[in-house]
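> Output the structure for:
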Amino acid sequence: MSSCASNPQIPNPPSTTTTTCAVRLGGSNSTILDACCNSHINGFKSYPAPGSSKDCYQYCETNDPDAVERCFSLPSNFGPYDKERPDFQCFNAVNGTGSTGDAIGRGRPGWGMMSILAMGLVGSVIGSM
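From the prediction side, this is the model:
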């Protein structure tokens, strides 16, 4: 029987052909998935590693895997994508968006996205005063 820790890759969520993004269970991963995947719109589900009955991963369905990945890649979340032992993985994304096979993962967000996030952070700090 497989354990959660023995699998360095995040397997594709079972029985789904929709675009999904997944993380490992544990730590703040559920909170990051909740924030990046807009769980109030896109609920998320847990699933086991292949050959296991214990849930090891959570995923959400999304129409915008690029936005979810940009959020995951923020230094305050998971940071840059690591293909050897990913902290997150998106599946069944549209070809031509940087995907390799049926899974995608990219690095850091550009300066435009960082500027937008910085303005939002400053606005929330000022608004809470």
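
> quick one: least confident helix or strand in the protein?
One helix or strand of the chain scores below all others by mean pLDDT, DSSP states H and E: strand 103-104, with a mean of 44.

> pretty sure P11 contacts S52?
No: P11 is beyond contact range of S52, at 10.3 Å (criterion: C-beta atoms under 8 Å). Where C-beta positions appear, they are placed from N, C-alpha and C, glycine not excepted.

> What are the boundaries of the helices in this protein?
29-36, 65-72, 111-127 (DSSP state H).

> List the buried residues for the lengthiest strand in the chain?
With secondary structure taken from DSSP state E, the chain has its longest strand at strand 55-61. Of the residues in strand 55-61, 56-61 count as buried by neighbour count, 16 or more other C-beta atoms under 10 Å.

> Using PDB, list the CA coordinates for that strand.
Output in PDB follows, covering the C-alpha atoms of strand 55-61 (Å, rounded to 0.1, in the frame of the first residue of the first chain):
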ATOM      1  CA  ASP A  55      -6.500  11.000   1.400                       C
ATOM      2  CA  CYS A  56      -3.200  12.700   0.500                       C
ATOM      3  CA  TYR A  57      -4.100  15.500  -1.800                       C
ATOM      4  CA  GLN A  58      -6.800  18.200  -2.400                       C
ATOM      5  CA  TYR A  59      -7.800  19.700  -5.700                       C
ATOM      6  CA  CYS A  60     -10.100  22.200  -7.200                       C
ATOM      7  CA  GLU A  61     -11.700  22.500 -10.600                       C
END
